[in-house]
Structures are given as structure tokens and as C-alpha cells.
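Q: sequence plus predicted model, see below.
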Amino acid sequence: MKLKVNGEEKDFTVEELTISSLLSASNVENPEMVSVQLNGNFVERDQYDSTILEENQEIDFIYFMGGGQL
């Protein structure tokens, strides 16, 4: 299966891939700190296990970082 992950085309050999399994396969260190867009739409975190990805979809991992002034 081919997917575009963070703008880069990647091949996966599994037949069924969910957002949760993609996060794991992509070695995302803190998946609880990542939001996911699927074809430009945010996916609710409680849907990560049940959202099955399909050929040629686009997935973006959005990392939110804290910051500010001292």
C-alpha cells in the first residue's frame, strides 16, 4: 500500500493499516502529543484505532509544541 506521510510517499506491506499502527510503524515517540490529518481533515484521537487507511491517502502528523517567553 502506498501512502503519502508528511509529504513523502511510502510503501507499506501490510494489508490493513490503521492510524494507530501507522504511528507505531513510523516510530512516533510521543503519539499522545501528535494530531493527525487524513486527506486534510483532522481525525479525532478516539478514531485512530478504527480508521483504516486506503491506498494513496495523505496523512500528516502535526506536532504541537509549547513555548513562550521566560
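A: Arrived safely, thanks for sending. Numbers count the residues shown, from 1 in each chain.
Q: contacts and neighbour counts: CA atoms only from here.
A: Will do.
Q: for residue 52, which residues are in contact?
A: 16, 17, 18, 19 (C-alpha atoms under 8 Å, 6 or more residues apart in numbering).
Q: gap between the residue nearest to the third one when sequence neighbours are not counted and residue 44?
A: The spatial neighbour of residue 18 that comes closest, neighbours along the chain excluded (C-alpha to C-alpha, 6 or more residues apart in numbering), is residue 52 at 4.4 Å. Look at residue 52 and residue 44: by C-alpha to C-alpha, to the nearest Å, they are 13 Å apart.
Q: where do the helices sit along this structure?
A: 19-25 (DSSP state H).
Q: contacting residues around residue 5?
A: Here residue 5 is in contact with 58, 59, 60, 61 (criterion: C-alpha under 8 Å, 6+ apart).
Q: in JSON lines, list the residues you listed along with pLDDT and neighbour count.
A: JSON lines is the format used below for these (pLDDT from 0 to 100; neighbours: other C-alpha atoms under 10 Å):
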{"residue": "58", "pLDDT": "98", "neighbour count": "20"}
{"residue": "59", "pLDDT": "97", "neighbour count": "22"}
{"residue": "60", "pLDDT": "97", "neighbour count": "19"}
{"residue": "61", "pLDDT": "96", "neighbour count": "17"}
